[in-house]
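Peer 1: the following comprises the amino acid sequence and a computationally predicted model.
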Amino acid sequence: MNTALPHDDRAAAGDARVTVWYDGACPLCRREIDLMRRLDRRGRLHFVDVARPDATCPIDRAALLARFHACEDGRMLEGAAAFAAMWRAIPLLRPLGLLARYRPVLALLDRLYTYFLRWRPALQRRLR
């Protein structure tokens, strides 16, 4: 899937290998993205805050807000596969991202992510 890369407040789109869409209105999401930005010393990630009105969304905005999405090598990924793509772009987390390429590992991570999504609203309320 080829999409135009939207605005990013940190890295130039041409330098990014993985585009990550996140909910900037979610305090939990912002914390995680802030951590990923600190770990991304090579600028391999391009972050797009879907909560911004000027954000360009390659798919429905509601779908981007409901589950984590990333684009790696032209492929749109969601859930645990999107997290794994982000991890592969960060040297410290790359082994975990590579491990997630194995179907059983990815299936387990996706199951855990789906479980987390049930608890996300309660966690968000606690962080506000």
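Peer 2: Alright, I've got the coordinates. Computed from a predicted structure; not experimentally measured.
Peer 1: what ranges do the helices span in the chain?
Peer 2: 27-39, 61-66, 80-88, 94-99, 103-127 (DSSP state H).
Peer 1: so for residue 50, which of those helices sits nearest?
Peer 2: Of all these, the one in closest proximity to residue 50, counting by Cβ to Cβ, is helix 61-66 (4.7 Å). C-betas here are computed from N, CA, C, even on glycine.
Peer 1: run the chain-centre distance for the closest one.
Peer 2: 12 Å (Cα atoms, centre = their mean, to the nearest Å).
Peer 1: average model confidence for it?
Peer 2: Helix 61-66 shows a mean pLDDT of 90.
Peer 1: what do you get for stretch 23-33?
Peer 2: pLDDT averaged over stretch 23-33 gives 89.
Peer 1: just give me the residue closest to the centre of the protein.
Peer 2: residue 20 (4.2 Å; Cα atoms, centre = their mean).
Peer 1: that one: what's it in contact with?
Peer 2: 33, 36, 45, 46, 47, 48, 68, 69, 70, 82, 86 (Cβ atoms under 8 Å, 6 or more residues apart in numbering).
Peer 1: excluding covalently adjacent residues, which one is nearest to it?
Peer 2: residue 70 (4.8 Å; Cβ to Cβ, 6 or more residues apart in numbering).
Peer 1: correct me, but the one you found touches residue 33?
Peer 2: No. Using Cβ atoms under 8 Å as the test, residue 70 is too far from residue 33 to be in contact (11.6 Å).
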